[in-house]
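Asker: Got a sequence here, can you build the structure:
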Amino acid sequence: MMLSLMVQTLDKSDEDRDLVSKLIIAFKENGVITPQQFMDSFSSLLERMKELEVGVPLMKTYVSKYAAQAVIGELVSLVELAEPMEGGKYYPLFLLILQQLHKDKDQDWLTTIFQDSKIELQSMLPEHDRSKERMMEILEERRLSFMFPLLRVQADMWKQLRMDPNPQVLYKWINENVSTKLICDPGFINILVSSVVRFVTGETTLPAGGDSSMMPDKNAIQKEKDTLASYKGVLQAYLHDKLTLQLTAIYALQVHCHNNGFPKGMLLRMFMYMYDLEVIDEEAFLKWKEEVNDIYPGKGKALFQVNQWLTWLEQAEEEESDDDEED
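Answerer: Presented below is the predicted three-dimensional model:
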């Protein structure tokens, strides 16, 4: 019955389709249908979409309205609705649903339910569109970028670094373009550290086309060290005395090296730089050593590369603690 109602009104007026949506929600509120029955009908509609689009060119737009109203009416959750569209199936229907939800509700409401759903938007796109850069372009085109403020920051920060890498200019740009709420977010710290390290290594020890399996020459390593040191003030501004955020910064270093195939000696150098520059404290490094976390890839290989240095750091801290007790 529900499938028939939706199909029969696809080529009718907006008012007719709105009435069908209201009727379906009323069915749910009165216990006539279950969420699963709606999803069965909706999935059947998706399977017939290609056939129906021949006679109804705006089919996806009309279907997105039915779907959005089902979410707003709490008939189904966004997660349930997204399941048959995973892997980019019926693209761009899921994005049309988000646009329809944005039209019917406000930005905060949509951002909240999307974040609560834990849906990986990249997995809802066709395979060739799953890079963060392409996803951001798609969101901009559909006026949905507000849902991913950190992704916007990441794209803009990288543009800023490429345009003018001066640390003072970067610090000024952050304060003018990133909200105080986001600055305390671990996601922002991950973006900041990843962007700075990506820029520094790209200009020094990890140039395009370079051989990451070979140890860089001394001049390149010295330039890497000096360039990173120039960002000391920027990094300290957001990491000083913040253990949790410092731990996020360490994971950012780990992932950067993992993504680049663990260039020879890079992770150890980065750990030593961050410690010597007093950007990351020994407590954060030792916490990273002991923490089991599968969210960030490459922990095993990373630990192997820096374990000896961490042992030295641990012993140095113990000796310093003993000296304090004697005093």
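
Asker: excluding its backbone neighbours, what's nearest Met135?
Answerer: Gln122 (5.8 Å; CB to CB, 6 or more residues apart in numbering). In short, each C-beta sits where N, CA and C put it, glycine included.

Asker: Please report the distance of Ala155 from Arg134.
Answerer: 11 Å (CB to CB, to the nearest Å).

Asker: quick one, which of these two is more surrounded?
Answerer: Here Ala155 and Arg134 are compared on neighbour count by other CB atoms under 10 Å; more neighbours surround Ala155, at 19 against 14.

Asker: Helix or strand: which one has the more buried one?
Answerer: Per DSSP states H and E: Ala155 is located in helix 149-163.

Asker: Centre of the chain to that helix, how far?
Answerer: Helix 149-163 sits 13 Å away from the centroid of its parent chain (CA atoms, centre = their mean, to the nearest Å).

Asker: any idea of the angle the helix or strand just after that helix forms with helix 149-163?
Answerer: Following helix 149-163 in sequence order, the next helix or strand is helix 167-177 (DSSP H and E). Counting by axes from the mean of the first three to the mean of the last three CA atoms, to 10 degrees, helix 167-177 lies at 150 degrees to helix 149-163.

Asker: following helix 167-177, which helix or strand comes up?
Answerer: Following helix 167-177 toward the C-terminus (DSSP H and E): helix 180-183.

Asker: Tell me the buried residues in that next one?
Answerer: Buried residues in helix 180-183, counted by 16 or more other CB atoms under 10 Å: Leu182, Ile183.

Asker: now for that helix, which elements pack on it?
Answerer: Using 3 or more CB pairs under 8 Å, 6 or more residues apart in numbering; DSSP states H and E, the elements in contact with helix 180-183 are helix 149-163.

Asker: Alpha carbons of the helix it packs on, in PDB - could you do that?
Answerer: Taking C-alpha atoms only, helix 149-163 is exported to PDB below (Å, rounded to 0.1, in the frame of the first residue of the first chain):
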ATOM      1  CA  PRO A 149      33.100  22.800   9.600                       C
ATOM      2  CA  LEU A 150      36.400  21.000  10.300                       C
ATOM      3  CA  LEU A 151      36.600  19.700   6.700                       C
ATOM      4  CA  ARG A 152      36.200  23.300   5.500                       C
ATOM      5  CA  VAL A 153      38.900  24.400   7.900                       C
ATOM      6  CA  GLN A 154      41.300  21.700   6.600                       C
ATOM      7  CA  ALA A 155      40.800  22.700   3.000                       C
ATOM      8  CA  ASP A 156      41.200  26.400   3.700                       C
ATOM      9  CA  MET A 157      44.200  25.900   6.000                       C
ATOM     10  CA  TRP A 158      46.100  24.000   3.400                       C
ATOM     11  CA  LYS A 159      45.300  26.700   0.800                       C
ATOM     12  CA  GLN A 160      46.600  29.300   3.300                       C
ATOM     13  CA  LEU A 161      49.800  27.400   3.900                       C
ATOM     14  CA  ARG A 162      50.500  27.000   0.200                       C
ATOM     15  CA  MET A 163      49.700  30.700  -0.400                       C
END
